[in-house]
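Chemist: Sequence and predicted model, in that order:
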Amino acid sequence: GNSVTQMEGPVTLSEEAFLTINCTYTATGYPSLFWYVQYPGEGLQLLLKATKADDKGSNKGFEATYRKETTSFHLEKGSVQVSDSAVYFCALIPYSSASKIIFGSGTRLSIRP
Amino acid sequence: GAVVSQHPSRVICKSGTSVKIECRSLDFQATTMFWYRQFPKKSLMLMATSNEGSKATYEQGVEKDKFLINHASLTLSTLTVTSAHPEDSSFYICSARNPGLSTDTQYFGPGTRLTVL
């Protein structure tokens, strides 16, 4: 079946540190891959996405590359800010489904000033 | 834009009562809305897909008579938790697709925290 596994949090970093949140997936065919972010008290927002192998999604300094050979979509940012503190969800939409999103369990990120 | 709101944001009810949660797309028409449930420190679990003007499609294991979904207009879907029990306490999140923007991106509401006493 289809599933998403991401690193458990919480992850605590100092401001300006390098961030990596690992995400791997299991899916048949070629799923679309997403990172969503949930800031405190708010709904989920789409952060970035990639729809085919070797695509790189990027937004607000965050990047993730669709790696089919390793079935991964790791989220990275070169220099985090306090405002990046949130919960990050890796997700996929299977090729066979137009809309059904499958989420990872979420990783809580806290950035210290 | 693509803003989705939910009401209420937080509700506490007694066991055995019913609770209605509203999901609205504020600046677009959503033919399809989705209802998720999020357990503490767990992922979002899709409960059902709500289609305007037709019956909702429920995921396996979700009781359709317990979680009534109505999508009466292109901007409103409601989830009614009937005869609520403490095990129904959870965070309920809706999302909507804006077909005018993207076919695979969903826009999420802020969630409703339900506590059943």
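Modeler: Cool, the structure landed. Quick caveat: nothing in here was measured; it's all calculated off a predicted structure.
Chemist: going forward, measure contacts between C-alpha atoms and count neighbours the same way
Modeler: Noted.
Chemist: who's in contact with the helix or strand bottoming out on mean pLDDT in chain B?
Modeler: None of the helices or strands of chain B scores lower by mean pLDDT, DSSP states H and E than strand B:106-108, at a mean of 87. With CA atoms under 8 Å, 6 or more residues apart in numbering or on different chains as the test, strand B:106-108 has contacts from A:43-46, B:2-4, B:93-98.
Chemist: So what are the sheet partners of that strand and their directions?
Modeler: strand B:90-97 (antiparallel) (DSSP bridges).
Chemist: Could you report the distance from the residue lying closest to A:V80 once chain neighbours are set aside to A:S83?
Modeler: Sequence neighbours aside, A:E16 is the residue nearest to A:V80 in space, at 4.8 Å (criterion: CA to CA, 6 or more residues apart in numbering or on different chains). The spacing between A:E16 and A:S83, counted by CA to CA, to the nearest Å, is 11 Å.
Chemist: In terms of neighbours, single out the busier of those two.
Modeler: Using other CA atoms under 10 Å in any protein chain shown as the criterion, A:E16 and A:S83 rank with A:E16 on top: 15 against 12.
Chemist: What confidence value was assigned to that one?
Modeler: With respect to pLDDT, A:E16 scores 96.
Chemist: For it, give me phi and psi.
Modeler: Backbone torsions for A:E16, taken as degrees, to the nearest 10, come to phi 80, psi 0.
Chemist: hang on, A:S83 is in a helix, isn't it?
Modeler: Yes: under DSSP: H, G, I helix; E, B strand; the rest coil, A:S83 falls within a helix.
Chemist: Which residues of chain B lie near chain A?
Modeler: Neighbours of chain A within chain B, by CA under 8 Å from any CA of the partner chain: B:41-46, B:93, B:103-111.
Chemist: Which among those count as buried?
Modeler: Among the residues of chain B next to chain A, those classed as buried by 16 or more other CA atoms under 10 Å in any protein chain shown are B:43-46, B:93, B:104-111.
Chemist: Can you tell me which of these is nearest B:R10?
Modeler: B:G111 (8.4 Å; CA to CA).
Chemist: what about residue 52, how many residues close to it?
Modeler: Went with chain A since none was named. With other CA under 10 Å as criterion, A:K52 counts 15.
Chemist: try chain B instead
Modeler: 19.
Chemist: So for residue 99, what's the pLDDT?
Modeler: With no chain named, the answer covers chain A. Turning to A:S99, the model gives it a pLDDT of 64.
Chemist: Correction: the question concerned chain B.
Modeler: 70.
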